[in-house]
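Asker: pasting a predicted model and its sequence here:
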Amino acid sequence: MTTNSSIPTRPRFSLMRQRWSELLFAHWPVEPELLRSYLPERLELDLFEGQAWLGVVPFTMSGIRPLGLPAVPGLNHLHELNVRTYARLNGVPGVWFLSLDATNPLGVWAARTMFHLPYLHARISLRETDGAFRAVAKRTHPGAAPATFAATWTPGKLLPPAQSGTLAHFLTERYFLYTAGPNLLQDIQGPNLWRGQLYHEPWTLREATLSEWESTLVEAHGLPTPIGEPLLYAAEPLEVWVKELRRV
């Protein structure tokens with residue numbers, strides 16, 4: 001079993017501050033062999049008791065404020081829908097994103113350009129009605145594999161804090177991300193690898209139940225449809241600080 005690094009200290013300086021809300025973690029166990037080819041050669045899959053995990057995570061990002069500046073109306077809010085697995089390099093665990101669909105065109109451009117993240121343009125709505133959340137999405141990114149998504153979930157009982165060494169902690173308490181950027185010697189050395197760091201308080205998680213789930217997000221990557229019901233955690237809102245990317 002692998003465990004995550006301890007929570008980083010809150011940075012004195014950060015690139016960006018955000019608020020994440022209306023978030024659902026949906027995960028399936030998958031055989032590691034299915035995912036290894038989706039990671040750069042230097043990254044290893046991060047496994048829990050020998051098992052890889054694939055996640056789909058819809059949420060709302062708001063209050064986006066770069067470099068301590070005030071939020072800019074029209075640029076400080078987006079809905080996001082990411083497909084992810086988990087990786088580690090030199091013992092440091094993090095998230096590896098297969099795709100990130102989002103609604104803010106400028107945000108998509110900035111994330112692709114400055115963070116080398118595979119953001120894609122999409123139309124996404126995410127609303128709460130009588131305690132239930134519903135997300136609907138359609139990818140619109142030119143040249144990308146088409147994908148759609150529709151899910152309705154209801155948060156339930158509050159869960160105790162996820163303890164280190166548990167599956168809930170492994171899947172949710174992630175404070176680093178990995179991404180790959182262009183390299184002038186890419187044909188020889190492969191892409192540059194970067195590690196970004198986040199800070200937030202530990203997640204407050206709840207049980208969740210699904211009343212709707214229709215998605216082609218995973219299949220758009222050429223992966224088989226996940227088997228069985230996903231493992232679900234609904235998350236309470238929290239504030240997030242984003243530090244700079246560092247080449248590793």
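Answerer: Noted; the coordinates are in hand.
Asker: what is the subsequent helix or strand relative to the lengthiest strand in the chain?
Answerer: Scanning the chain for the longest strand, with DSSP state E as the assignment, gives strand 52-66. Using DSSP states H and E, the helix or strand that follows strand 52-66 towards the C-terminus is strand 78-89.
Asker: what angle do that next one and strand 52-66 make?
Answerer: With axes from the mean of the first three to the mean of the last three C-alpha atoms, to 10 degrees defining the directions, strand 78-89 sits at 120 degrees from strand 52-66.
Asker: in the longest strand of the chain, what's buried?
Answerer: 52-62, 64, 66 (16 or more other C-beta atoms under 10 Å). Bear in mind the C-beta positions are built from the backbone N, C-alpha and C, glycine included.
Asker: next, format those as a markdown table and append pLDDT and distance to residue 159.
Answerer: A markdown table is the format used below for these (pLDDT from 0 to 100; distance: C-beta to C-beta, whole Å):
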| residue | pLDDT | distance to residue 159 |
| --- | --- | --- |
| 52 | 98 | 23 |
| 53 | 98 | 18 |
| 54 | 98 | 21 |
| 55 | 98 | 17 |
| 56 | 98 | 20 |
| 57 | 98 | 17 |
| 58 | 98 | 19 |
| 59 | 98 | 18 |
| 60 | 97 | 21 |
| 61 | 95 | 23 |
| 62 | 93 | 24 |
| 64 | 86 | 28 |
| 66 | 76 | 33 |
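Asker: send me the longest helix seen in the chain as CSV with only the CA atoms.
Answerer: The helix that spans the most residues within the chain, counting by DSSP state H, is helix 105-114. Coordinates of each C-alpha in helix 105-114 appear next as CSV, following Å, rounded to 0.1, in the frame of the first residue of the first chain:
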residue,chain,number,x,y,z
PRO,A,105,-12.2,29.8,-22.8
LEU,A,106,-9.5,32.0,-21.4
GLY,A,107,-9.0,29.6,-18.5
VAL,A,108,-8.6,26.7,-20.9
TRP,A,109,-6.1,28.7,-23.0
ALA,A,110,-4.1,29.7,-19.9
ALA,A,111,-4.0,26.2,-18.4
ARG,A,112,-2.9,24.6,-21.7
THR,A,113,-0.3,27.3,-22.3
MET,A,114,1.2,28.0,-18.9
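Asker: could you list every helix and strand in contact with it?
Answerer: The helices and strands touching helix 105-114, judged by 3 or more C-beta pairs under 8 Å, 6 or more residues apart in numbering; DSSP states H and E, are strand 92-102, strand 119-129.
Asker: for the ones you listed, which one sits closest to residue 179?
Answerer: Closest to residue 179 of the helices and strands packed on helix 105-114 is strand 92-102 (C-beta to C-beta; 7.4 Å).
Asker: counting contacts, what elements does the closest one pack onto?
Answerer: Packing partners of strand 92-102 (3+ C-beta pairs under 8 Å, 6+ apart): strand 78-89, helix 105-114, strand 119-129, strand 176-181.
Asker: in its sheet, what does it sit against?
Answerer: The strands beside strand 92-102 in its sheet (DSSP bridges) come out as strand 78-89 (antiparallel), strand 119-129 (parallel), strand 176-181 (parallel).
Asker: so where is this structure shaky, pLDDT-wise?
Answerer: Applying pLDDT under 70 to the chain flags the ranges 1-8, 10-13, 67-75, 182-190.
Asker: spatially central, which residue of it would that be?
Answerer: residue 82 (5.1 Å; C-alpha atoms, centre = their mean).
Asker: that one is in contact with residue 111, isn't it?
Answerer: No - assessed by C-beta atoms under 8 Å, residue 82 is found out of contact with residue 111, at 11.0 Å.
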